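1. Need coordinates for the below:
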Amino acid sequence: MDLSAITGSSRVSGISNLDPGTMLGTVTEEKKKAEGSLFDTFLNTAIDNIKETNHYLSKAEDEKIKFALGETDNAHDLGIALQKATSALQYTVAVRDKLMEAYRELMQLQI
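-> Below you'll find the model as predicted:
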């Protein structure tokens, strides 16, 4: 088994020469970077979902306007657009509610 990726050198015997504090500091920095990128990914995904929900809502509004003005006679497209918008909005509200619940729980923790 090749341990050079773990030790950062090609020799396995180099492990005894490493300072434990240095290794701990490196692991902590790497963990912070990973946690930061995880939060960043989560936040970007949430923003993308909100943008997608907004897109569905505006598409449904456009379909309603077209149908009301008589530009289209296809009620099927209107129904589909409205259902997509409703489902996306319900999902977004459910996620928001869970996030707010988690935030409230965190704020109530006694340190």
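
2. Show me where this structure has its helices.
-> In the chain, the segments counted as helices under DSSP state H are 4-7, 20-69, 75-107.

3. Switch the ones you listed over to TSV; also include mean neighbour count and mean pLDDT.
-> Bear in mind the C-beta positions are built from the backbone N, C-alpha and C, glycine included. Listed next are those as TSV, based on neighbours: other Cβ atoms under 10 Å; pLDDT from 0 to 100:
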stretch	mean neighbour count	mean pLDDT
helix 4-7	11	46
helix 20-69	12	81
helix 75-107	13	94
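
4. what's next to stretch 39-59, contact-wise?
-> 81, 84, 85, 88, 89, 91, 92, 95 (Cβ atoms under 8 Å, 6 or more residues apart in numbering).

5. How about stretch 75-92?
-> Contacts for stretch 75-92 (Cβ under 8 Å, 6+ apart): 49-50, 52-53, 56-57, 59-60, 62-64, 66-67, 72.
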